[in-house]
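1. Quick one, structure for this:
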Amino acid sequence: MRTSITAVVTASLIALAAQSIAAGPRARDLGIPFDGTPGPLNAITDVAGVAVGHATIIRDLPEQGAVRSGVTAILPRGEDTADRPVFGAWFALNGNGEMTGTTWVEESGFLEGPVMITNTHSVGAVHEAVIQWRVRNGEPDASGFWWSLPVVAETWDGYLNDINGFHVRPEHAHAALESASGGPVAEGNVGGGTGMICHEFKCGIGTSSRLVNVGETGYRVGVLVQANYGLRDLLRVAGVPVGKHLTGDRLYSHLPVANSGLGSIIIVVATDAPLLPHQLKRLARRAALGLARNGSIASNGSGDIFIAFSTANEAASQDRVASVSLLGNDQMNPLFAGTVEATEEAIINALVAGRDMTGHKSRKAVAIDHAALKDVLRRHGRLSE
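-> Down below sits the predicted model:
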């Protein structure tokens, strides 16, 4: 990628912050049991070629104002993402949210560029930045133009972030894109997840993966979430209703019942299995089952929007004839199971990685207490020790 000096400096600072955030325990480290076999990194980057980058903005403002926001970038083919599309599909479980570019994904069957995630009121700035990145890093299309309909998704961080201050700017999206890499993925209070809350605990970015076998062939499924949904009472971990036991520090108890389920989640599913767009839509739908395992009801005020892509079929193109391979539909069950399992774990990883945060107007979001969580699971016989 062509990278400016400013982007290098910004990306380096982001990488250092990400390393410190990533140093904490993940859900499995606490002894939380999950089904399935994770990949080596237990991250979406276990799917070869996938890269993830974050830009995290934490800044205090006058009169108790605060910026607690950022951008996360998922590049399906790493540095080649600008020029090499992937088959893709999307699904909305509940549509009170935004994911731009999905009309063309639905129509064409291709995801042509990165998937970007930020806060609700910063979609426009990130959208513009991705087009700039596309012009700078990609080749023009057959007509000679850099035509682009970026995929930019959002969840609302206005409890902790001065969301109407428009602090996420194109340079932050550029930094997330330029810092994207394979390897371990920072989780929790980072990137687009910086100011996010789920089940009334500090939350944010989470990821997980599964190794699956279809006959004698092994494939990988990876999931990344930006989790910002749900009420405390509904939270379930490893099948245990832990939210009913961890009742302190409630955030939303003062809200009317009709408005108390506000929140959203963006789920990105990647696989190296050779799936066509209609099959990827089937895969995207299964993310809803992993979400439900943790206690989501996809409330009326929730934007639960998912996108899935396959890195297989590298020759597939919009502008020429190409031969492609695919799995038969009867072979997809292991991929369905892997998607459900990885989604469930990615969300709990986001929850476990969250750290206490004080934000806009001195509002606070408290992270889930690891010791208390383990104690509840232990009492229900669901802790692996």
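2. At which residues are the helices of this structure located?
-> 5-22, 102-108, 123-137, 170-178, 277-293, 333-353, 370-379 (DSSP state H).
3. Distance to L211, mean pLDDT and mean neighbour count added to those, as CSV?
-> To be clear about C-beta, it is placed using only N, CA and C from the backbone, and glycine gets the same treatment. Shown next, in CSV, are these (distance: least, Cβ to Cβ, whole Å; pLDDT from 0 to 100; neighbours: other Cβ atoms under 10 Å):
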stretch, distance to L211, mean pLDDT, mean neighbour count
helix 5-22, 22, 43, 15
helix 102-108, 27, 98, 15
helix 123-137, 31, 96, 20
helix 170-178, 28, 98, 26
helix 277-293, 16, 98, 21
helix 333-353, 8, 98, 27
helix 370-379, 25, 98, 16
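4. Could I get those in a markdown table, plus columns for distance to D35?
-> Listed next are these as a markdown table, based on distance: least, Cβ to Cβ, whole Å:
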| stretch | distance to D35 |
| --- | --- |
| helix 5-22 | 24 |
| helix 102-108 | 30 |
| helix 123-137 | 35 |
| helix 170-178 | 32 |
| helix 277-293 | 10 |
| helix 333-353 | 5 |
| helix 370-379 | 15 |
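5. do you know which of those helices lies nearest H360?
-> helix 170-178 (17.6 Å; Cβ to Cβ).
6. Which one of the helices of the chain lies nearest to F309?
-> helix 277-293 (6.6 Å).
7. Output the contacting helices and strands for that closest one.
-> Where contact means 3 or more Cβ pairs under 8 Å, 6 or more residues apart in numbering; DSSP states H and E, helix 277-293 is packed against strand 86-95, strand 217-228, strand 264-271, strand 303-310, helix 333-353.
8. okay, the ones you listed in a markdown table with distance to D60 next?
-> Output for those, formatted as a markdown table (distance: least, Cβ to Cβ, whole Å):
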| stretch | distance to D60 |
| --- | --- |
| strand 86-95 | 34 |
| strand 217-228 | 22 |
| strand 264-271 | 26 |
| strand 303-310 | 28 |
| helix 333-353 | 23 |
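9. Looking at those, spot the one closest to S108.
-> strand 86-95 (8.8 Å).
10. Send me the closest one as CSV with only the CA atoms.
-> Output of strand 86-95 as CSV, limited to C-alpha atoms (Å, rounded to 0.1, in the frame of the first residue of the first chain):
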residue,chain,number,x,y,z
VAL,A,86,-14.4,-11.4,-3.3
PHE,A,87,-17.8,-13.0,-3.4
GLY,A,88,-20.0,-11.6,-0.7
ALA,A,89,-23.5,-11.3,0.7
TRP,A,90,-25.2,-9.5,3.5
PHE,A,91,-28.2,-10.0,5.9
ALA,A,92,-30.1,-7.7,8.3
LEU,A,93,-31.7,-9.4,11.3
ASN,A,94,-33.1,-6.0,12.3
GLY,A,95,-32.5,-3.0,10.2
